[in-house]
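Visitor: Predicted model, plus sequence, below.
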Amino acid sequence: MQKLKIVDNLGMFFLVVVGVVIVFWYQFLWPVLLFAALGQVRSRKAK
Amino acid sequence: MITCYSFVFLGSAASGDITAKTVFAIFVLIAWYIHAATTNDYADRHIDAINLKNASDRPLVSKDITYKQLWTIHTISGLIALALSTFYGLGAVILTSVMLVIDYLYSLKPFRISDRGAISQLLLAVAYVFYPISLGYWASGTPTPYPWLLSLGLYLGFVARLFLKDFRDVQGDRKYGKMTFLLRHGSKVTCAVSGALSVISLLMTLYVTRFSFGLAVALVLGQTLATIGLYRLSKLTVIGTQVTEVNLIARTANVSAITILAYYLCLTQSQLSVLEINLIPAVLGIVMLLPSCLNMIRAKRDYV
């Protein structure tokens, strides 16, 4: 379970980095980043 | 609400352009949502007192507001929704009026469509899909045809999702005779119907997007995870674990909507290559689905 938690946090970090990089290069994708971020906030609030 | 708002952007992107009106449609949605939620909170106050007695989003149950305050908020929000919809044209005003009426038909007697099994899912999805997509379409201002097929595909996907919302409320619904589809037909049939509708939704969406390879990879992965979730949900009996599984399935649906949005946003950019139009939705979809994959693996360990 500890390993999964580390992987989960790494996965989140990876997601954020990829998301920011993609939107930096393709700024028209900003709504995608917005809704991905809102979705993460909602699911973490639910936990 | 977040999913609704993403549908506004989808409606605009599918019609060709995201504008300031697309962004500000959130205020129309919030006003309409408050109108709908206050109606439903009043109508379901006794059922919510059982199902959601500790919920912070049921102010009547927690006695945070009085009935008078509730109806004041309800009336003002309805008027604000109508007023703001005028910025999107006559069609938006008419549709918003229809939505406000649907709020009453859904929750209040003698109609109380929320008690009428599958019809409630069909009606609710109209409000959650066609209304925001239409706002997005009118916000874009481009002279393109209305995205009917895309809307229908997303509608069926949302109906599939709404079949699962009753798992959370089954205790109170049973006590007060609110005969939802789940209570009428059981969890196995509910999950099977939800799964079938989600597959039809996937096929329609793929057809509308001309089976774009990158988008298809992300959507098929999402559907696979959702199908696994539905199979497990049909076997669960404890409400807490059922709700957890429903939330996992909902998350894959949200990722699918965002991935479709990414695809249409790519189409609005004439300078992008075919490779980029395929790669961007695929990469985004797979990356966003990774946490869901991990959660499913983790959940499997809990069940074994």
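Guide: Perfect, I can see it now.

Visitor: tell me what the helix or strand containing B:Arg174 is packed against?
Guide: Following DSSP states H and E, one finds B:Arg174 within helix B:170-175. If you count contacts as 3 or more C-beta pairs under 8 Å, 6 or more residues apart in numbering or on different chains; DSSP states H and E, helix B:170-175 packs onto helix B:45-51, helix B:181-208. From N, CA and C alone the C-beta is placed, and that goes for glycine too.

Visitor: Excluding residues flanking it in the chain, which one is nearest residue 26?
Guide: Looking at chain A here, since you left the chain open. Nearest residue to A:Tyr26 in three dimensions, chain neighbours excluded: B:Ile280, at 6.7 Å (C-beta to C-beta, 6 or more residues apart in numbering or on different chains).

Visitor: that's the wrong chain, I meant chain B
Guide: B:Tyr5 (5.5 Å).

Visitor: And the pLDDT for that neighbour?
Guide: Per-residue pLDDT puts B:Tyr5 at 94.

Visitor: ok, now which ones touch it?
Guide: A:35, B:25-26, B:29, B:132 (C-beta atoms under 8 Å, 6 or more residues apart in numbering or on different chains).

Visitor: Inside helices: which ones of these?
Guide: A:35, B:25-26, B:29, B:132 (DSSP state H).

Visitor: Quick check: residues of chain B near chain A?
Guide: By C-beta under 8 Å from any C-beta of the partner chain, the part of chain B that sits against chain A consists of B:2, B:5-6, B:9, B:13, B:18, B:247, B:251, B:254-255, B:257-258, B:261-262, B:265-266, B:268-269, B:280, B:283-284, B:287-288, B:290-291, B:294, B:297-298, B:301.

Visitor: Which among those count as buried?
Guide: B:2, B:5-6, B:9, B:13, B:18, B:247, B:251, B:254-255, B:257-258, B:261-262, B:265-266, B:268, B:280, B:283-284, B:287-288, B:290-291, B:294 (16 or more other C-beta atoms under 10 Å in any protein chain shown).

Visitor: Just the buried residues from the contacts of B:Tyr5, in PyMOL please.
Guide: A single PyMOL command selects the buried members of the contacts of B:Tyr5 (16+ other C-beta under 10 Å):
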select buried, (chain A and resi 35) or (chain B and resi 25+26+29+132)
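
Visitor: List the contacts of whichever strand or helix holds B:Gly91.
Guide: Assigning secondary structure by DSSP H and E places B:Gly91 in helix B:90-107. The contact list for helix B:90-107, computed with C-beta under 8 Å, 6+ apart, reads B:28, B:32, B:35-36, B:39-40, B:42-44, B:78, B:81-82, B:85-86, B:111-114, B:120, B:123-124, B:126-127, B:131, B:134-135, B:138.

Visitor: Okay, and which of those map to helices?
Guide: Checked against DSSP H, those include these in helices: B:28, B:32, B:35-36, B:39-40, B:42-43, B:78, B:81-82, B:85, B:120, B:123-124, B:131, B:134-135, B:138.

Visitor: Narrow the residues you listed to those that are buried.
Guide: Going by neighbour count (16+ other C-beta under 10 Å), the ones in helices among the contacts of helix B:90-107 have B:28, B:32, B:35-36, B:39-40, B:43, B:78, B:81-82, B:85, B:120, B:123-124, B:131, B:134-135, B:138 buried.

Visitor: Check what pLDDT B:Gly195 gets.
Guide: 95.

Visitor: Please read the previous query as pertaining to A:Asp8.
Guide: 60.

Visitor: and what of A:Leu4?
Guide: At A:Leu4, pLDDT is 55.

Visitor: now B:Leu52
Guide: For B:Leu52, the predicted pLDDT is 61.

Visitor: Let's have the ones in helices among the contacts of B:Tyr5 in CSV, adding distance to B:Leu150 and pLDDT.
Guide: Formatted as CSV, the ones in helices among the contacts of B:Tyr5 follow (distance: C-beta to C-beta, whole Å; pLDDT from 0 to 100):
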residue, distance to B:Leu150, pLDDT
A:Phe35, 17, 90
B:Ala25, 17, 95
B:Ile26, 21, 94
B:Leu29, 19, 95
B:Pro132, 13, 96
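
Visitor: and which of those is nearest B:Gly153?
Guide: Closest approach between the ones in helices among the contacts of B:Tyr5 and B:Gly153, by C-beta to C-beta: B:Pro132, at 14.8 Å.

Visitor: Now do the closest residue to the closest one other than its chain neighbours against B:Asn295, distance only.
Guide: Of all residues not flanking B:Pro132 in the chain, B:Phe7 sits nearest, at 3.9 Å (C-beta to C-beta, 6+ apart). Using C-beta to C-beta, to the nearest Å, B:Phe7 is found at 24 Å from B:Asn295.
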